[in-house]
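> Pasted the sequence and its predicted model underneath.
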Amino acid sequence: MCYEDADSLAFMDIQPVNSGHILVVPRQHYESLVDIPPRLAMHLFNVAMHLEHIMRKVTGCEDTNLVVNSGHSAGQDVFHYHVHIIPRRANDGFDIPLPFGGSEMPDRQRLDAMAAQIISALRDPLRGGGSIVEDEEHVEAVA
């Protein structure tokens, strides 16, 4: 265990990518990103950002990945929501290749159409839209 508060715990991953690999988890059970309350998810991300800064100093790594795998198809194999803080070193063999080899760049019209659908859903309360940032500042979608 390397951190705890009323809502979260952080501990060293027992199958680390590199030394210093940390998992940040909620105390209460939430299976994935779609289940966790937004305020708690943001708290975990804030904890991860704070620990990431300290982990860099302790490990000497200057690069990191913050990773959330949400759902089986996304690579989640432990179904309790968690955030990975992964220290990275040159040539460590771990990779999250973006863009990945199987992707194709869509034409501009497809990108614009998807953005329009997302903006529409954000503005439609029946489709789960609403403010992105709760009780802070209003965030507007820009076309």
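Now that the structure is in, tell me what you want to look at.
> how far away is Ala6 from Arg88?
Distance from Ala6 to Arg88, counting by Cβ to Cβ, to the nearest Å: 31 Å. For glycine as for every other residue, the C-beta is placed from the backbone atoms N, C-alpha and C.
> contacts for the longest helix seen in the chain?
Determined from DSSP state H, the single longest helix within the chain is helix 38-59. Residues from elsewhere that reach helix 38-59 (Cβ atoms under 8 Å, 6 or more residues apart in numbering): 2-3, 5, 7-8, 10, 18-20, 22, 24-26, 28, 30, 33, 36, 61-62, 64, 66, 81, 83, 85, 87, 134.
> what helices or strands is the very next helix or strand once past that helix leaning on?
The helix or strand immediately downstream of helix 38-59 is strand 63-67, counting by DSSP states H and E. Counting by 3 or more Cβ pairs under 8 Å, 6 or more residues apart in numbering; DSSP states H and E, the packing neighbours recorded for strand 63-67 are helix 38-59, strand 83-88.
> Identify whichever of these lies nearest to Glu104.
strand 83-88 (27.2 Å; Cβ to Cβ).
> can you give me the mean pLDDT across the closest one?
Strand 83-88 comes out with an average pLDDT of 95.
> Sheet partners, orientation included, of that strand?
strand 22-26 (antiparallel), strand 63-67 (antiparallel) (DSSP bridges).
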